[in-house]
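Undergrad: Quick check, what structure comes out for this input:
(2 chains)
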Amino acid sequence: MTTADHRRGLIDRLLGPGEPEVTCDECFELLDQYVDLEAQGEDADTRLPGMRAHLHGCPACREEHESLLEFVSPQTRT
Amino acid sequence: MAAVAITTDVPRRYGRPEMHVVTDESQAWLRDLRDPLTREDAATRLHGLLLRAARFEVARRRRTLAHVPSGDVDDLAMQAADDALVSILAKLDTFRGQSRFTTWAYKFALLEAAVKVRRRAWQGHEVKIDELAWMRLAAAERSTPDELETAELLAAIAQAVPSCLTDHQRQVLTALALEGVPVDVMAERLDTTRGALYKTLHDARRRLRAELEQMGLLG
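TA: Have a look, this model is predicted:
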């Protein structure tokens, strides 16, 4: 990773997604629905606007989203 | 698969209520967890699933617990499964069928495990807020054109922080975005919640963006 890439990542963390997003509580409330829609190949972002932006801006919620999606995916479940 | 359609309320911002489908499997979980005759057995089965999810999460984060004995790490997973089961049983009536019951349940176990691992990894570590980090950012090297662009934006952010953020917003932004302190760890140290802390971060980011837009640095 170059210095510029590193700085872009830092700028991203400092400024966040810059678009409407749900709160952490709303994210947790909707996470299972969002993940099941994703796992079914549905357009989760259109159905649940604000989730993607929050997952971009909140590392903790993003990690939990990644874990849940991976855990319920067929490859992990078998 | 046979299923029952129910209407549920969704948060107002997402518009009109939608139809959701509660599958047979989800219905069976709800029925078994509510029926006094089957509740204990169902809770035991559910705990087994939650423990599997919690161990999955702990394994994903194992490298952050390199200094923690294996037995302690598995205890974290067990505690996460226990706490998740308590939360789920208390919130059973809030499950509205927007997802499979098991997906809904797993998120509690993964959250509990993730929070416990983050806190354990930071146990005994002081959270240092290095205010000088902003000065170093402002003085970042800029030897290539690519570096020049990012360095100038970082310098502008560093200069805007003291003037447009409150002390609390600056502390939270420094800890979470600059120092990489997990939000759960910071929330515990400040005796607040993840949601409240993220709201502070969100407000700080919004102010910074507005300031940079005024300076013509953001579109």
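
Undergrad: So residue A:57 sits against residue A:16, correct?
TA: Yes. Between residue A:57 and residue A:16 a contact is recorded at 4.2 Å, counting by C-beta atoms under 8 Å. Bear in mind the C-beta positions are built from the backbone N, C-alpha and C, glycine included.

Undergrad: Give me the common contacts of these two.
TA: Common contact partners of residue A:57 and residue A:16 (C-beta atoms under 8 Å, 6 or more residues apart in numbering or on different chains): B:201-202, B:205.

Undergrad: residue closest to the middle of chain A?
TA: Nearest residue to the geometric centre of chain A (C-alpha atoms, centre = their mean): residue A:55, 3.1 Å.

Undergrad: Return only those of the shared contacts of residue A:57 and residue A:16 found close to chain A.
TA: Applying C-beta under 8 Å from any C-beta of the partner chain to the shared contacts of residue A:57 and residue A:16, one finds that B:201-202, B:205 fall near chain A.

Undergrad: Give me the subset of those residues that lies in helices.
TA: Members of those lying in helices (criterion: DSSP state H): B:201-202, B:205.

Undergrad: ok, so of those residues, who is nearest chain A?
TA: residue B:205 (3.9 Å; C-beta to the nearest C-beta).

Undergrad: Skipping its backbone neighbours, what lies nearest the closest one in space?
TA: residue A:16 (3.9 Å; C-beta to C-beta, 6 or more residues apart in numbering or on different chains).

Undergrad: Ok, residue A:67 next?
TA: residue B:110 (4.8 Å).

Undergrad: Count the neighbours of that neighbour for me.
TA: If you count neighbours by other C-beta atoms under 10 Å in any protein chain shown, residue B:110 ends up with 28.

Undergrad: same check, this time on residue B:145
TA: Residue B:145 has 8 neighbouring residues, counting by other C-beta under 10 Å.

Undergrad: picking that back up, possible to save the shared contacts of residue A:57 and residue A:16 as TSV with neighbour count?
TA: Converted to TSV, the shared contacts of residue A:57 and residue A:16 look like this (neighbours: other C-beta atoms under 10 Å in any protein chain shown):
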residue	neighbour count
B:201	22
B:202	20
B:205	21
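
Undergrad: Pull the residues that contact stretch B:150-161.
TA: So stretch B:150-161 is contacted by A:3-4, A:7-8, A:10-11, A:14-15, B:134-135, B:137-142, B:170, B:173, B:208, B:211-212, B:215, B:217 (C-beta under 8 Å, 6+ apart).

Undergrad: for chain B, what are the nearby residues on chain A?
TA: By the rule C-beta under 8 Å from any C-beta, the part of chain A lying against chain B is A:2-4, A:7-8, A:10-11, A:13-16, A:18, A:21, A:23-26, A:28-33, A:35-36, A:48-50, A:57-60, A:63-64, A:67-68, A:71-72, A:76.

Undergrad: Which among the residues you listed count as buried?
TA: Neighbour counting with 16 or more other C-beta atoms under 10 Å in any protein chain shown marks A:3-4, A:7-8, A:10-11, A:13-16, A:18, A:21, A:23-24, A:26, A:28-33, A:35-36, A:48-50, A:57-58, A:60, A:63-64, A:67-68, A:71-72 as buried within the residues of chain A next to chain B.

Undergrad: okay, the ones in helices among the ones next to chain A among the shared contacts of residue A:57 and residue A:16 in CSV with distance to residue B:179 and pLDDT next?
TA: Below are those laid out as CSV (distance: C-beta to C-beta, whole Å; pLDDT from 0 to 100):
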residue, distance to residue B:179, pLDDT
B:201, 13, 98
B:202, 18, 97
B:205, 16, 97
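
Undergrad: In JSON lines, list those residues along with distance to residue B:31.
TA: As requested, these are exported to JSON lines (distance: C-beta to C-beta, whole Å):
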{"residue": "B:201", "distance to residue B:31": "42"}
{"residue": "B:202", "distance to residue B:31": "40"}
{"residue": "B:205", "distance to residue B:31": "45"}
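
Undergrad: Closest to residue B:104 out of those?
TA: Proximity to residue B:104 was ranked across these by C-beta to C-beta; first place goes to residue B:202, at 26.0 Å.

Undergrad: Would it be right to say that the residue nearest to residue A:67 lies in a strand?
TA: No. Residue B:110: not assigned to a strand; according to DSSP: H, G, I helix; E, B strand; the rest coil it is helix.

Undergrad: which residues make contact with the host helix or strand of residue A:62 from outside it?
TA: Element membership for residue A:62, per DSSP states H and E: helix A:59-72. Around helix A:59-72, the neighbours that count as contacts under C-beta under 8 Å, 6+ apart are A:24, A:27-28, A:31-32, A:34-36, A:38-39, A:54-56, A:76-77, B:53, B:56-57, B:60, B:100, B:102-103, B:106-107, B:110-111, B:114, B:118, B:182-184, B:194.
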